[in-house]
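A.B. asks: Here is a sequence with its predicted model. Questions after.
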Amino acid sequence: EISALRQAGTWVIGLDASLNDGTCDAVVYCDQKKIGSAAGDLIVSALKRKAQDSGATEVTGRVVQIQGDENHPACRARNEGFLAALKAQPGIVLVHDAPAKWDRANAALRFKEALNLQKNIDAVYAHNDMMAMGVSEASLEKNVRENLLIVGTDGITGPGAGLQMLRRSQIDATIHHPLLVDFAWRIIEKMAKEPAFKPKAAYEIEPVAFTPKNLDERLSAGLPVPPL
């Protein structure tokens, strides 16, 4: 379909790294592995601080991952980046990993199952903020929220969205997944205004880790985008 469109003279922008092979005229993407890595780095840093504060000589932690769909390419990439980041500290162990089909209620159930099996959990990484919210609700129900670090993904604004969850301390961090279509629209606008403008073949937009400490600063400074 894409080939037929291009042969007919349609200019095509792809919004996935898998299309960065010449299939489209340009591709705008975020590396999903970097999203998982950012979540892992954040959890590792938090557990390091916990060890320092308690005077422990070893950094340890029991971590749960709630995936959207373990067969989805984006989830596989996030999982790969996440596990690689955790390996920086051998004492931090992934003790439970379950898919929740991107659903808040399912995520709550998966977290309760993990808690029944593992008893003690230090941190949870969820592949979207709604699942992170489900984990948060379940942790409150089970009276373990106080000592649990919850990291989500998406980090978008709006009522009930990830950044509002963060402000309300319903979750503790979120990895912002850039809104790729917004940047694609900027390309289209520039092409319309400047006929001589030739877009690059690929634009990678980096994910951003939002925490309560950096939230306002990052929003006021503006999220990073590559130059057109």
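C.D. replies: That came through fine.
A.B. asks: Contacts only, for the spatially most central residue of the chain.
C.D. replies: Nearest residue to the geometric centre of the chain (CA atoms, centre = their mean): T153, 3.3 Å. Shown in contact with T153 (CB atoms under 8 Å, 6 or more residues apart in numbering): I35, A39, R78, A126, H127, N128, D129, A132, G162, T174, I175, H177. For every residue, glycine as well, the C-beta is placed using N, CA and C.
A.B. asks: switch the cut-off to 6 Å
C.D. replies: Applying CB atoms under 6 Å, 6 or more residues apart in numbering to T153 gives the contacts H127, N128, I175.
A.B. asks: nearest to L83, of these?
C.D. replies: H127 (13.4 Å; CB to CB).
A.B. asks: Now do the helix or strand hosting F111: everything it contacts.
C.D. replies: F111 belongs to helix 104-118 when assigned by DSSP states H and E. Identification of contacts with helix 104-118 by CB under 6 Å, 6+ apart yields 64, 66, 95-96, 98, 100, 130-131, 133-135, 137-138, 142.
A.B. asks: helices or strands up against the following helix or strand past it?
C.D. replies: The first helix or strand that comes after helix 104-118 along the chain, using DSSP H and E, is strand 123-126. Judged by 3 or more CB pairs under 6 Å, 6 or more residues apart in numbering; DSSP states H and E, the packing partners of strand 123-126 are strand 61-67, helix 129-141, strand 149-154.
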